[in-house]
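Enquirer: coords below, sequence missing:
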């Protein structure tokens, strides 16, 4: 037979368990709130805009045997694969986002049924053209 004291002890243990559970849930909610507010406070990253020649020089300085050339980058711009911004008085200077160029160069090529296919890269929720 269960005594009143055993029942009180069980209730006390149950209340302690519920209190600890509520404290854990509160801590998790506070962490979730902090995670939501952090990205809004961050300053957006400034893109590293470079001229075509500066991009080529960047690749050559990091890898002297790099095959990335000025004409190759210009052909990617003409094909619409690599976006650019025209600047300067006459608009002849083209600026390229260096980080985007690096992503495009690192884009994996897969071979399906003997055809080369490139995984498209998303830029501002739009897809770029394929690089082949």
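Expert: That came through, no problem. Please read these numbers as outputs of a predicted model, since none were measured by experiment. Residues are numbered from 1 along each chain as shown.
Enquirer: where does this structure dip in pLDDT?
Expert: 36-44, 108-132 (pLDDT under 70).
Enquirer: could you give me the buried positions within the helix ranked longest in the chain?
Expert: Longest helix of the chain, by residue count under DSSP state H: helix 4-41. By 16 or more other Cβ atoms under 10 Å, helix 4-41 has no buried positions at all. All C-beta spots, glycine's among them, are computed from the backbone N, C-alpha and C.
Enquirer: which other helices and strands contact it?
Expert: Packed against helix 4-41, as judged by 3 or more Cβ pairs under 8 Å, 6 or more residues apart in numbering; DSSP states H and E, are no other helices or strands.
Enquirer: for residue 102, grab phi and psi.
Expert: phi -60, psi -40 (degrees, to the nearest 10).
Enquirer: and what of residue 97?
Expert: The phi/psi pair for residue 97 (degrees, to the nearest 10) reads phi -70, psi 110.
Enquirer: need the contact list for it.
Expert: Listed by Cβ atoms under 8 Å, 6 or more residues apart in numbering, the contact partners of residue 97 are 47, 48, 49, 83.
Enquirer: out of those residues, the closest to residue 104 would be?
Expert: Nearest to residue 104 among these, counting by Cβ to Cβ, is residue 83 at 10.2 Å.
Enquirer: just checking, that closest one touches residue 95?
Expert: No - using Cβ atoms under 8 Å, residue 83 is not in contact with residue 95, being 10.0 Å away.
Enquirer: on that earlier part again, narrow the contacts of residue 97 to those in strands?
Expert: residue 49 (DSSP state E).
Enquirer: tabulate the contacts of residue 97 (TSV), appending distance to residue 26.
Expert: What follows is those, written out as TSV (distance: Cβ to Cβ, whole Å):
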residue	distance to residue 26
47	41
48	43
49	46
83	47
